[in-house]
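In: Okay, predicted coordinates and the sequence, questions at the end:
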Amino acid sequence: MVSLNSCCLFPSTKALQIYPSFLFLSPRNPKLLPFTISRILRASSSSAAKHQEPIRTSYAGVQLEETVDETKQGKLRLDSWISSRIQGISRARVQSSIKSGLVTVNGRVVDKVSHSLRTGDEVNCLISELQPLRAEPEDIPLDIVYEDHHVLVVNKPPHMVVHPAPGNATGTLVNGILHHCSLPTVALSEKDVLSDTEDVSDDEAFSYGVSAAASVRPGIVHRLDKGTSGLLVVAKDEHSHAHLSEQFKQHTIQRVYISLTCGVPSPSAGLVDIPIGRDSNNRIRMVAVPGLSHHGRARHAASRYKVIEVLAGGGSALVQWRLETGRTHQIRAHAKYMGIPLLGDEVYGGTKSTALSLLRPRTPPNYNDKLSLLVSRFERPYLHALALGFEHPHSSEKMHFSCPPPPDFSAILTHLRKIGIEKPISKE
């Protein structure tokens with residue numbers, strides 16, 4: 001049975017593993033951070049010299065002047081090459097500078113991030129100032145699981161939006177963190193808030209456009225959907241953000257989720273390795289597509305699952321998920337593909353009528369009224385980010401956290417257990 005104890009930090013690397021999400025923030029004392037760096041950064045072509053660069057907390061004003069000495073790997077993108085020459089910077093930050101006209105190649109301004117470089121090209125890049133996002137600090141209660149000068153781990157409640165967006169300008173996690181960290185108002189135009197760009201992390205992936213990524217993104221590295229509860233990691237400086245982003249990119253951040261499903265997966269444990277792309281008929285929904293591609297838009301997605309408990313005679317299940325990749329709505333799309341949409345997930349088929357059709361035949365007659373009332377209260381997909389693990393961007397310490405599901409999840413789980421509970425016979 002999954003423990004529903006309070007949130008905790010595991011100091012041991014053998015402890016329960018976990019996963020993060022981020023938002024870039026300055027320390028409470030702004031004097032600790034240099035907001036402008038005017039000196040020219042002349043990156044060395046040797047990896048040894050590069051590793052000697054000091055860790056930065058801000059990249060605004062950093063300038064790179066260097067000649068491309070080789071392109072052995074074939075096509076070499078401008079944004080990728082600059083990112084490799086400035087230690088610790090995020091590619092989104094470099095892309096913002098390119099699009100702002102702050103990069104020249106052989107003396108000519110280049111604003112295309114995918115511009116191909118050749119051996120001998122002279123590149124000059126000035127890293128732009130971070131643009132503020134349009135969000136006011138708000139005194140919103142936050143469940144802080146862990147905090148130091150560089151990172152913040154938050155237990156996000158269900159129904160809270162992570163970042164400002166049209167229709168959700170206030171009351172977001174970002175608003176609360178701005179207040180918690182004593183940061184000023186930030187500005188972000190609505191056109192920059194969301195885009196169809198590829199995500200860098202999981203079903204909570206942060207999908208800002210480039211300019212937005214360089215403003216709000218000191219901080220948010222990934223997100224949880226509005227209805228999803230659980231653990232997020234937030235970065236407080238640029239080095240931490242870049243380091244955590246790279247961990248997401250390399251899939252080294254550990255994430256464990258639990259969900260309640262409509263029906264029971266068969267087999268009771270396994271790997272779902274099905275690409276995910278955007279649904280051409282519904283732009284807010286993703287779809288799992290067998291095969292290598294789906295009009296060129298599907299991306300590799302892999303989710304490991306394991307049934308923890310069979311509930312209500314097989315009408316539902318408590319399922320654990322471990323993500324090997326991070327795609328928008330990955331768990332929700334894979335669950336739908338498996339024929340076991342999450343309870344309460346109206347977008348992916350876990351409707352109230354579906355839940356009732358599965359649960360009612362398995363429920364004792366004297367419990368039907370309670371069942372109907374229970375299902376009528378479904379307000380979100382019952383998915384919780386239970387555990388999170390990452391390498392601390394400054395100390396390199398292995399950080400591990402876990403946090404139990406919120407009361408609404410626990411209440412439904414309790415009711416389903418009362419109808420019936422059994423342990424599955426599973427094979428890893």
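Out: Right, received. Where do you want to start?
In: ok, Ala235 touching Val151?
Out: Yes. Between Ala235 and Val151 there is a contact under Cβ atoms under 8 Å: 6.1 Å. Just so you know, the C-beta spots here come from the backbone N, C-alpha and C atoms, and that holds for glycine as well.
In: Tell me which of those two has more neighbours.
Out: Taking other Cβ atoms under 10 Å, Ala235 and Val151 do not tie; Ala235 has more neighbours (28 against 24).
In: Which residue ranges of the stretch 51-200 of the chain form strands?
Out: For the stretch 51-200 of the chain, the strands defined by DSSP state E, counting those that start in this stretch cover 63-67, 76-77, 103-105, 108-109, 116-117, 122-126, 144-147, 151-156.
In: mean pLDDT lowest for which of those strands?
Out: Comparing mean pLDDT across the strands of the stretch 51-200 of the chain, the weakest is strand 76-77, with a mean of 90.
In: Which residues outside that strand are in contact with it?
Out: Val68, Val113, Ser114, His115, Ser116, Leu117, Arg118 (Cβ atoms under 8 Å, 6 or more residues apart in numbering).
In: One more: stretch 334-341?
Out: 259, 261-265, 272, 274, 276, 288, 301, 303, 305, 317, 319, 332, 342, 345, 348-350, 354.
In: Which of those fall in strands?
Out: The strands, defined by DSSP state E, take in Ser259, Thr261, Cys262, Val272, Ile276, Ala288, Ser303, Tyr305, Ala317, Val319 from these.
In: Of the residues you listed, grab the buried ones for ChimeraX.
Out: Entered in ChimeraX, the line below selects the buried ones among those, by 16 or more other Cβ atoms under 10 Å:
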select :259,261,262,272,276,288,303,305,317,319
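In: mind putting the ones in strands among the contacts of stretch 334-341 in JSON lines, distance to Leu311 and pLDDT included?
Out: Shown next, in JSON lines, are those (distance: Cβ to Cβ, whole Å; pLDDT from 0 to 100):
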{"residue": "Ser259", "distance to Leu311": "12", "pLDDT": "98"}
{"residue": "Thr261", "distance to Leu311": "9", "pLDDT": "98"}
{"residue": "Cys262", "distance to Leu311": "11", "pLDDT": "98"}
{"residue": "Val272", "distance to Leu311": "20", "pLDDT": "96"}
{"residue": "Ile276", "distance to Leu311": "27", "pLDDT": "93"}
{"residue": "Ala288", "distance to Leu311": "24", "pLDDT": "93"}
{"residue": "Ser303", "distance to Leu311": "20", "pLDDT": "96"}
{"residue": "Tyr305", "distance to Leu311": "15", "pLDDT": "98"}
{"residue": "Ala317", "distance to Leu311": "6", "pLDDT": "98"}
{"residue": "Val319", "distance to Leu311": "10", "pLDDT": "98"}
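In: out of the ones in strands among the contacts of stretch 334-341, who's nearest Leu374?
Out: Nearest to Leu374 out of these is Cys262 (Cβ to Cβ; 13.7 Å).
In: List the residues that contact that closest one.
Out: Per Cβ under 8 Å, 6+ apart, neighbours of Cys262: Gly315, Ser316, Ile340, Pro341, Leu342, Leu343, Gly349, Gly350, Thr354, Ala355, Leu358.
In: May I have the beta-bridge partners of it?
Out: Ser316 (DSSP bridges).
In: Repeat that for Val307.
Out: Val319.
In: Just to check, it is in contact with Trp321?
Out: No. Using Cβ under 8 Å, Val307 is not in contact with Trp321; the gap is 10.8 Å.
In: Okay, helices next: where are they in the chain?
Out: Counting by DSSP state H, the chain has these helices, from start to end: 47-51, 78-85, 91-99, 173-180, 210-213, 238-249, 330-337, 352-359, 368-376, 407-419.
In: quick one, which of these is packed in tightest?
Out: Mean neighbour count, computed with mean count of other Cβ atoms under 10 Å, is highest for helix 330-337 among these, reaching a mean of 26.
In: Can you check the pLDDT for Ala212?
Out: 40.
In: and what of the one 5 residues further on?
Out: pLDDT recorded at Arg217 is 39.
In: swap in Lys72?
Out: pLDDT, Lys72: 63.
In: for Ser45, same thing?
Out: Looking at Ser45, the pLDDT reads 28.
In: Ok, Asn168 next?
Out: Predicted confidence (pLDDT) for Asn168: 71.
In: Which strand residues bridge it?
Out: Ala165.
In: from what I can see it touches Val161, true?
Out: Yes. With contacts counted by Cβ under 8 Å, Asn168 reaches Val161, the gap being 4.4 Å.
In: Tell me which of those two has more neighbours.
Out: Between Asn168 and Val161, counted using other Cβ under 10 Å, the more crowded position is Val161 (20 against 16).
In: My guess is that one contacts Thr228. True?
Out: No. In this structure Val161 lies outside contact range of Thr228 using Cβ under 8 Å: 11.0 Å.
In: Least confident secondary structure element in this structure?
Out: Using mean pLDDT, DSSP states H and E, strand 40-41 stands out as the lowest-scoring helix or strand of the chain, at a mean of 23.
In: Distance-wise, check the nearest residue to Ser114 once chain neighbours are set aside relative to Ser128.
Out: In this structure, Ser114 finds its nearest non-sequential neighbour in Arg77, 5.2 Å apart by Cβ to Cβ, 6 or more residues apart in numbering. From Arg77 across to Ser128, the span is 19 Å (Cβ to Cβ, to the nearest Å).
In: Which one of those two is surrounded by more residues?
Out: Neighbour count, other Cβ under 10 Å: between Arg77 and Ser128, Ser128 has more, with 22 against 15.
In: how many neighbours does Ser395 have?
Out: Around Ser395 there are 10 residues (other Cβ under 10 Å).
In: got any ranges where this structure has weak pLDDT?
Out: 1-57, 71-74, 130-134, 165-167, 183-218, 292-296, 426-428 (pLDDT under 70).
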